[in-house]
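A.B. asks: this one's sequence-less:
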């Protein structure tokens with residue numbers, strides 16, 4: 001497939017594709033130097049003394065895998081807790097094209113839980129992008145080996161393990177962000193309408209790219225889709241050109257066919273360009289776009305633009321027709337993730353949408369997530385992060401309130417990212433609890449605290465809601481996933497699972513917390529330090545899929 005043939009801006013695809021780099025641009029994992037200069041790995045090692053969290057950005061070798069047939073579970077898992085926990089995230093960067101946390105090569109992880117035991121596997125996602133980078137790296141190693149008369153150890157393993165890209169190989173994107181299930185397929189996804197399928201048992205790559213049962217073109221989109229309680233998947237992609245906007249589509253349960261829904265929702269701004277959105281919100285009858293004043297105009301994320309003087313625009317779309325229902329505004333904010341949204345009635349009996357969002361004051365965090373900055377200047381991300389807080393916006397649905405400005409109220413007096421809820425039971429519905437990652441001002445060099453927020457209970461100081469926290473010295477947790485106890489109607493009756501990096505022993509472990517008390521239930525260590533990832537899912541019956 002030629003990039004010229006795609007009806008989308010080339011930069012937008014390059015951002016998520018990270019096309020092949022020349023051998024001069026590639027650093028070898030584990031080497032102190034390479035032709036591009038000091039490697040990401042060497043920088044991480046040099047910075048580790050002043051920033052222990054730099055361990056979470058250390059490259060893993062090509063084709064690295066560390067399966068465990070039976071993990072050493074410390075504690076007792078609930079008897080009902082079974083199924084599979086999957087996580088997606090980057091595990092290899094370089095100093096050129098893959099130089100941002102968002103752009104690292106994808107690695108998939110799975111923890112299979114059964115009868116009180118846990119097994120584990122992990123694998124790099126075998127995309128054409130992965131093979132291109134590893135092949136280029138191997139070619140560079142061979143040249144270095146010849147010049148230095150190096151031993152077999154200098155690169156032969158990578159050369160033999162990674163096959164060169166075949167000329168006829170279809171282009172498959174690097175998809176290191178989210179996981180979702182479409183029909184009987186598990187997919188790794190990112191900010192483009194192309195996904196890669198992986199095996200439910202050992203997370204090996206099955207089909208890259210995954211072949212959807214439709215003729216939809218390739219377009220940039222938010223990394224997060226929504227799965228409704230009835231199994232319907234709802235998503236949208238960006239539309240470029242003279243009439244920019246957002247085109248919704250759905251995937252019915254039991255199918256892999258994407259069907260366009262309604263009209264293109266216009267992106268109305270002075271740049272005549274779709275605004276950056278990593279997620280959107282869903283209710284029973286509406287989809288909610290939060291058009292923050294943020295733009296990605298080029299493949300270079302250094303050029304991301306945030307217009308502080310502009311408001312955030314809310315576009316509320318009717319899910320039944322795909323047509324715009326109403327638009328509203330709020331003072332401008334930055335965000336990556338919605339927490340949840342639902343329909344309700346306000347104190348005057350008027351229909352509203354309650355939209356909860358993890359907000360920030362600016363887009364400085366995007367610049368602070370380049371790998372060199374994360375390793376050597378972690379305070380830059382913390383400075384940006386700690387200026388944020390989760391907020392609630394109540395959006396009126398009546399026509400006479402169209403265009404009005406809605407103020408947000410703080411849900412919790414602290415910054416939060418990677419928020420989650422009891423998704424399978426409370427997505428699109430009124431809810432009480434949400435979970436996320438946080439940090440402590442003046443102490444943290446990375447997100448080092450898990451938080452459970454109780455929206456219905458005020459905090460002791462009267463600012464926002466009450467919260468429970470989990471933290472341990474030298475430990476950096478990942479996204480908290482809530483797994484509900486089957487058959488229970490109590491919202492927080494379940495467990496939280498998170499992959500935690502313990503820098504004191506340089507190993508990661510799976511953490512299981514009681515959903516109600518937030519106390520430790522069990523832990524299970526890995527045999528290595530897993531790089532910081534992004535998003536995951538739990539499925540009770542994933543390994544029963546006919547893959």
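C.D. replies: Yes, it's here. On a predicted model such as this, the values are computed, not experimentally measured, just so you know.
A.B. asks: tell me the secondary structure for residue 341?
C.D. replies: strand (DSSP: H, G, I helix; E, B strand; the rest coil).
A.B. asks: residues in contact with it?
C.D. replies: Residues in contact with residue 341 (Cβ atoms under 8 Å, 6 or more residues apart in numbering) are 281, 282, 283, 288, 353, 354, 355, 356, 428. For every residue, glycine as well, the C-beta is placed using N, CA and C.
A.B. asks: same check, this time on residue 179
C.D. replies: When contacts are counted by Cβ under 8 Å, 6+ apart, residue 179 is found next to 86, 87, 88, 108, 186, 187, 188, 189, 535, 536, 537.
A.B. asks: so it belongs to a strand, correct?
C.D. replies: Yes: assessed with three-state DSSP, residue 179 lies in a strand.
A.B. asks: could you find the closest non-adjacent residue to residue 412?
C.D. replies: Nearest residue to residue 412 in three dimensions, chain neighbours excluded: residue 464, at 4.3 Å (Cβ to Cβ, 6 or more residues apart in numbering).
A.B. asks: what are the phi and psi angles of the one you found?
C.D. replies: For residue 464, the backbone dihedrals (degrees, to the nearest 10) come out as phi 70, psi -160.
A.B. asks: that one is in contact with residue 408, isn't it?
C.D. replies: No: if you go by Cβ atoms under 8 Å, residue 464 and residue 408 don't touch, sitting 11.7 Å apart.
A.B. asks: three-state assignment of residue 130?
C.D. replies: Secondary structure, three-state DSSP: residue 130 is helix.
A.B. asks: any regions of the stretch 151-300 of the chain where pLDDT drops low?
C.D. replies: For the stretch 151-300 of the chain, applying pLDDT under 70 flags the ranges 151-169.
A.B. asks: for it, which segments count as helices?
C.D. replies: Under the criterion DSSP state H, counting those that start in this stretch, helices of the stretch 151-300 of the chain are mapped to 156-161.
A.B. asks: show me where it has strands.
C.D. replies: Under the criterion DSSP state E, counting those that start in this stretch, the stretch 151-300 of the chain carries strands at the ranges 178-182, 185-190, 192-198, 205-207, 226-227, 233-239, 245-251, 258-266, 281-282, 286-291, 294-295.
A.B. asks: same list (these) but as CSV, adding distance to residue 417.
C.D. replies: Shown next, in CSV, are those (distance: least, Cβ to Cβ, whole Å):
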stretch, distance to residue 417
strand 178-182, 15
strand 185-190, 18
strand 192-198, 22
strand 205-207, 28
strand 226-227, 19
strand 233-239, 22
strand 245-251, 24
strand 258-266, 27
strand 281-282, 17
strand 286-291, 16
strand 294-295, 16
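A.B. asks: out of these, which comes closest to residue 63?
C.D. replies: Smallest distance to residue 63 across the strands of the stretch 151-300 of the chain (Cβ to Cβ): 11.7 Å, for strand 205-207.
A.B. asks: so where's the protein shaky on pLDDT?
C.D. replies: For the chain (pLDDT under 70), the answer is 1-49, 137-169, 544-547.
A.B. asks: all the helices of it, residue numbers only.
C.D. replies: Ranges of helices in the chain, per DSSP state H, are 10-17, 40-47, 128-148, 156-161, 364-368, 371-376, 379-385, 423-426.
A.B. asks: next, the buried residues of the last one.
C.D. replies: To tie it back to what came earlier, the one meant is helix 423-426. By neighbour count on 16 or more other Cβ atoms under 10 Å, the buried set for helix 423-426 is 423, 424, 426.
A.B. asks: which secondary structure elements does that helix sit against?
C.D. replies: Contacting helix 423-426 under the criterion 3 or more Cβ pairs under 8 Å, 6 or more residues apart in numbering; DSSP states H and E are the following elements: strand 481-484.
A.B. asks: surely residue 103 and residue 95 touch.
C.D. replies: No: with contacts counted by Cβ under 8 Å, residue 103 stays clear of residue 95, the gap being 11.9 Å.
A.B. asks: who has more neighbours out of these two?
C.D. replies: Neighbour totals were compared for residue 103 and residue 95, and residue 103 leads with 24 against 19 (other Cβ atoms under 10 Å).
A.B. asks: what's the distance between the more buried one and residue 443?
C.D. replies: 29 Å (Cβ to Cβ, to the nearest Å).
A.B. asks: try residue 435
C.D. replies: 21 Å.
A.B. asks: with neighbour numbers in mind, choose between the two.
C.D. replies: Taking other Cβ under 10 Å, residue 435 and residue 443 do not tie; residue 435 has more neighbours (27 against 10).
A.B. asks: tell me what the more buried one is bridged to.
C.D. replies: Here residue 435 sits in beta bridges with residue 420, residue 452, going by DSSP bridges.
A.B. asks: these two touch, right, it and residue 452?
C.D. replies: Yes: in this structure, residue 435 is within contact of residue 452 by Cβ under 8 Å, at 5.3 Å.
A.B. asks: overlap in contacts of the two?
C.D. replies: Residues touching both residue 435 and residue 452 (Cβ under 8 Å, 6+ apart): residue 496.
A.B. asks: show me the contacts for the closest residue to residue 456 other than its chain neighbours.
C.D. replies: In this structure, residue 456 finds its nearest non-sequential neighbour in residue 432, 5.2 Å apart by Cβ to Cβ, 6+ apart. Counting by Cβ under 8 Å, 6+ apart, residue 432 touches 454, 455, 456, 491, 492.
A.B. asks: again, 7 Å this time
C.D. replies: Residue 432 is in contact with 454, 455, 456, 491, counting by Cβ atoms under 7 Å, 6 or more residues apart in numbering.
A.B. asks: just the buried members of those residues?
C.D. replies: Judged by 16+ other Cβ under 10 Å, buried ones among the contacts of residue 432: 454, 455, 491.
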